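Student: Here is my input; please provide its structure:
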Amino acid sequence: MNTRWKFFVLATAALLVWMLPVAAQTYQIDPVHTSLVFRVKHMNTAYVYGMFREVKGTVIVDEANPARSSINIEVNADSVFTANEQRDNHLRSPDFFNTRQFPTITFRSTEVRRVNANTVQVRGNLTIRGITRPLTTSVTLTGKGKNPRGQDIIGFETTFTIRRSEFGIRYGLPGLGDEVRVTLSVEAGR
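Tutor: Below is the predicted model:
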């Protein structure tokens, strides 16, 4: 086989491999390296911060076709933590999250749309206290790499605001703010 023919065959094979659709990659959320933080205004004066310590779920990433991507998150509502045991117990009560009746907070995406190279718009359903509301948020890719065990890892972050009253959490209004800002930083591995 002459050199031109070999080059043509190799170039064609490389083009075909490049054109093959890359399969979507499934990642499991790493609860140790994932943070779910919230803030709410107290007495219209200062922000009080809290977090949920137990977050799990699955992220499916299709870089070639983001519409085939998805995110499913489950939060243990009982894992709420504000560095004050009395307040944390109150947040677990029926006044707030009612964790005995509603042990999980979930988010299930319904649509993922590329905004730019590092950002997607995610639409989905957020469920708190058994009440489901639509949520749309911008999600930014914060990095990709390998962990010390050689596994592929990927990171994302998003910040959005919800009104707690829309989920049936009205205790303390208006002294305790209705708007809750939520920041979710996810690291997930394959």
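
Student: So what's the residue count around Thr106?
Tutor: Number of residues near Thr106 (other Cβ atoms under 10 Å) recorded here: 16. For every residue, glycine as well, the C-beta is placed using N, CA and C.

Student: what's the answer for the one 5 residues further on, then?
Tutor: For Glu111, the neighbour count with other Cβ under 10 Å is 14.

Student: go on, Asn147?
Tutor: Applying other Cβ under 10 Å, I find that Asn147 has 13 neighbouring residues.

Student: Kindly provide the distance from it to Ile162.
Tutor: Distance, Asn147 to Ile162, by Cβ to Cβ, to the nearest Å: 32 Å.

Student: for the protein, longest strand please?
Tutor: Counting by DSSP state E, the longest strand found in the chain is strand 131-146.

Student: immediately after that strand, which helix or strand?
Tutor: The element immediately downstream of strand 131-146 (helix or strand, assigned by DSSP states H and E) is strand 152-163.

Student: just the helices in this structure please.
Tutor: For the chain, helices defined by DSSP state H occupy the ranges 3-19, 85-92.

Student: Which of the ones you listed has the lowest mean pLDDT?
Tutor: Ranked by mean pLDDT, the helices of the chain end with helix 3-19 at the bottom, a mean of 51.

Student: How many residues are close by the nearest residue to Glu179 once chain neighbours are set aside?
Tutor: Using Cβ to Cβ, 6 or more residues apart in numbering and skipping residues adjacent in sequence, the residue nearest Glu179 is Thr161, 5.4 Å away. As a burial measure, Thr161 scores 11 neighbours (other Cβ under 10 Å).

Student: residues in contact with Thr161?
Tutor: By Cβ atoms under 8 Å, 6 or more residues apart in numbering, Thr161 lies in contact with 179-182.

Student: Buried residues in stretch 122-133, which are they?
Tutor: Using 16 or more other Cβ atoms under 10 Å as the test for burial, stretch 122-133 gives 122, 124, 126-129.

Student: what's the most distant pair in the residues you listed?
Tutor: For the buried residues of stretch 122-133, with distances taken as Cβ to Cβ, the pair at the greatest spread is Val122 and Arg129 (21.8 Å).

Student: quick one: contacts for Val180?
Tutor: Counted by Cβ under 8 Å, 6+ apart, Val180 has contacts 38-40, 161-164.

Student: Let's see that with 7 Å instead.
Tutor: With contacts defined as Cβ atoms under 7 Å, 6 or more residues apart in numbering, Val180 is in contact with 38, 40, 161-162, 164.

Student: same question, Phe102
Tutor: Per Cβ under 7 Å, 6+ apart, neighbours of Phe102: 77, 129-130.

Student: Quick check: it vs Val75, distance?
Tutor: Applying Cβ to Cβ, the value for Phe102 to Val75 is 11 Å.

Student: In this structure, what helix or strand scores lowest on average pLDDT?
Tutor: The helix or strand of the chain with the poorest confidence is helix 3-19; it has a mean of 51 (mean pLDDT, DSSP states H and E).

Student: Thanks a lot, catch you later.
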